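A.B. asks: Could you look at this predicted model? Sequence included:
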Amino acid sequence: MAEQGTAGSRIAEVVSAARAADVRLIRFEYCDVSGVAHAKAVHVDQLEHKLLEGVGLTRAQMSINLLEQVVPVADMEPVGEIRLVPDPGTFTVLPWSPGSASVLCDQLDHDRTDWGACPRSFLKKVIDRAAGMGITVQATFENEYYLATEVEGGFAPVDAPTHSPVYSAIGHDHLDGLMLETVDALTAQGIVVEQCINEYGPGQREISVRHTDALGAADQQMKFRDTVRGVAAKHGILASFAPKPFPDAIGSGAHVHLSLWDAEGARSLLYDPAVPGGLSDLGRRFIAGVAEHLPALTALTVPSHNSFRRLAPSSWASNTTAWGYDNREAALRVASPFYRREEASYNLEYKVSDGSANPYLSLGALIACGLDGILRGLDPGEPSEHDPATMTAEELERGHVRPLPTSMGDALDLLEADTVLTEALGPLLTRCYLAVRRSEHEAFSAQDTAFEVFHHFYRF
Ligand SMILES: NC(=O)CC[C@H](N)C(=O)O
């Protein structure tokens with residue numbers, strides 16, 4: 001009863017916030033297994049009921065692939081319905097779309113439980129598992145993206161005519177109004193912006209935002225992508241999180257920064273000041289778990305056909321399981337902590353991640369692998385002190401460094417064989433994921449690079 005009362009008051013708060021901001025359409029948003037954000041917009045007059053009941057979605061909707069083909073998956077026929085039930089705490093007014101707001105949803109059965117293929121519920125389950133081990137997770141996605149304009153025969157990066165030097169001061173003048181509006185739109189939605197960079201690629205930008213709890217980080221990633229693309233579109237510019245939209249330019253990552261805390265979130269479990277480098281024993285085991293599962297994990301964190309073009313050696317994206325202290329070619333970087341904020345800032349950066357991923361699946365899977373390493377007491381080997389591309393066979397062995405898969409098809413086979421990941425995902429989500437993704441792999445493998453780039457560029 002008390003819970004219903006709380007839910008009721010949160011619903012009332014959201015309805016009055018929507019009215020106060022003169023919002024008429026509220027997007028009920030979810031992310032499909034291909035990482036694409038979808039939404040059904042509810043009129044404000046129906047909001048009170050719909051926040052409680054949710055809106056209907058056919059079960060087959062989650063078996064639609066990136067090319068918008070319905071893939072046959074058992075128990076996901078176009079018969080039967082689930083509900084998109086919003087989390088009122090995720091309501092934000094969309095600054096770039098007057099009169100609109102969005103709220104992120106769980107996919108629930110009629111009895112209000114996870115129907116077995118809800119990515120957001122999957123992440124919640126992994127968070128609960130971590131909590132059962134006395135661990136809370138803080139995380140954020142650090143996104144790079146390209147800004148482009150449509151030109152004859154395709155699209156071109158916005159910087160091409162000006163050639164601003166990479167990481168330059170002058171680069172901040174180019175489209176400065178767009179960047180400022182993007183940052184303001186993120187801030188208005190409660191996302192704390194930390195830094196902006198004019199990145200390595202032509203027209204490539206990066207905005208880093210403050211970490212939050214794991215569920216909040218995945219929700220924030222959804223809002224972040226929508227905001228960047230929505231604000232750019234208002235300026236007549238295309239923004240894309242596709243991992244490798246320009247085959248000759250550097251790719252775009254969405255590196256995950258992650259830290260582990262005790263149940264109260266008061267003490268870092270990653271940081272041990274008594275150890276040189278500061279990495280705790282629990283942190284070592286977490287890293288070892290991620291590294292052990294990493295080849296299979298790629299199927300979820302760099303999940304699209306285009307993702308595998310980004311994972312090249314010596315391109316700061318990593319193509320091995322290496323870990324190391326401030327090693328930007330390692331899949332897992334132990335980031336050096338900030339002066340006088342050592343414990344608060346001590347974090348791991350996971351680079352095998354891009355903006356085409358479903359953030360609930362990728363973050364949940366990443367944490368599940370780390371927890372497995374903690375439970376099994378795995379050892380990560382020695383930290384890599386150089387770019388793995390330049391290390392000797394002996395050094396690679398000492399660091400337990402193995403190559404990552406080079407294609408989506410190989411990654412999916414490894415995922416299917418990884419029982420830690422498939423058990424965490426559960427049977428329906430595993431079945432759906434493998435079928436949808438394999439259909440994409442088959443379709444894109446039969447086409448050329450231009451076809452692949454076109455479809456990834458516009459979807460993400
Ligand atoms: N500055 C950077 O860290 C570059 C990262 C690189 N663009 C990637 O694909 O991950």
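C.D. replies: Perfect, I can see it now.

A.B. asks: alpha carbons only for contacts and neighbour counts from here, please
C.D. replies: Noted.

A.B. asks: quick one: low-confidence ranges for this protein?
C.D. replies: Applying pLDDT under 70 to the chain picks out residues 1-5, 160-162.

A.B. asks: Skip the chain neighbours and tell me the closest residue to the spatially most central residue of it.
C.D. replies: With distances taken as Cα atoms, centre = their mean, the residue of the chain nearest its centroid is Pro359 (3.1 Å). Leaving aside its sequence neighbours, Pro359 sits nearest to Ala218 (Cα to Cα, 6 or more residues apart in numbering; 5.1 Å).

A.B. asks: contacting residues around the helix or strand containing that neighbour?
C.D. replies: Here Ala218 is covered by helix 214-234, with elements defined by DSSP states H and E. By Cα atoms under 8 Å, 6 or more residues apart in numbering, the residues outside helix 214-234 that reach it are 37, 90, 94, 96-97, 104, 120, 123-124, 127, 137-141, 147, 178, 181-182, 185-186, 191, 211, 238-241, 359-360, 363.

A.B. asks: Mind checking which of those residues are in strands?
C.D. replies: Counting by DSSP state E, the contacts of helix 214-234 place Ala37, Leu104, Val137, Gln138, Ala139, Thr140, Phe141, Leu147, Leu238, Ala239, Ser240 in strands.

A.B. asks: re earlier: what's the neighbour count on the residue nearest to Pro359?
C.D. replies: 24 (other Cα atoms under 10 Å).

A.B. asks: likewise Gly190?
C.D. replies: Quick note: Gly190 (other Cα under 10 Å) scores 12 neighbours.

A.B. asks: How about Asp128?
C.D. replies: Asp128: 14 neighbours (other Cα under 10 Å).

A.B. asks: That one and the ligand: what is the separation?
C.D. replies: 29 Å (Cα to the nearest ligand atom, to the nearest Å).

A.B. asks: what do you get for Ala249?
C.D. replies: Distance from Ala249 to the ligand, by Cα to the nearest ligand atom: 9 Å.

A.B. asks: Confirm for me that that residue is in contact with Gly201.
C.D. replies: Yes: using Cα atoms under 8 Å, Ala249 is in contact with Gly201, at 5.8 Å.

A.B. asks: what about the two, which has more around it?
C.D. replies: Under the criterion of other Cα under 10 Å, the comparison of Ala249 against Gly201 puts Gly201 first, with 24 against 13.

A.B. asks: and that one, helix, strand or coil?
C.D. replies: Using DSSP: H, G, I helix; E, B strand; the rest coil, the structure places Gly201 in coil.

A.B. asks: any idea how far the closest residue to Leu123 other than its chain neighbours lies from the ligand?
C.D. replies: When the adjacent residues along the chain are set aside, Leu123 lies closest to Gly364, with 4.5 Å between them (Cα to Cα, 6+ apart). Separation of Gly364 from the ligand (Cα to the nearest ligand atom): 20 Å.

A.B. asks: Give me every residue in this protein lying close to the ligand.
C.D. replies: Contact residues (Cα under 6 Å from any ligand atom) of the chain with the ligand: Ile250, Gly251, Ser252, Gly253, Trp316, Ala317.
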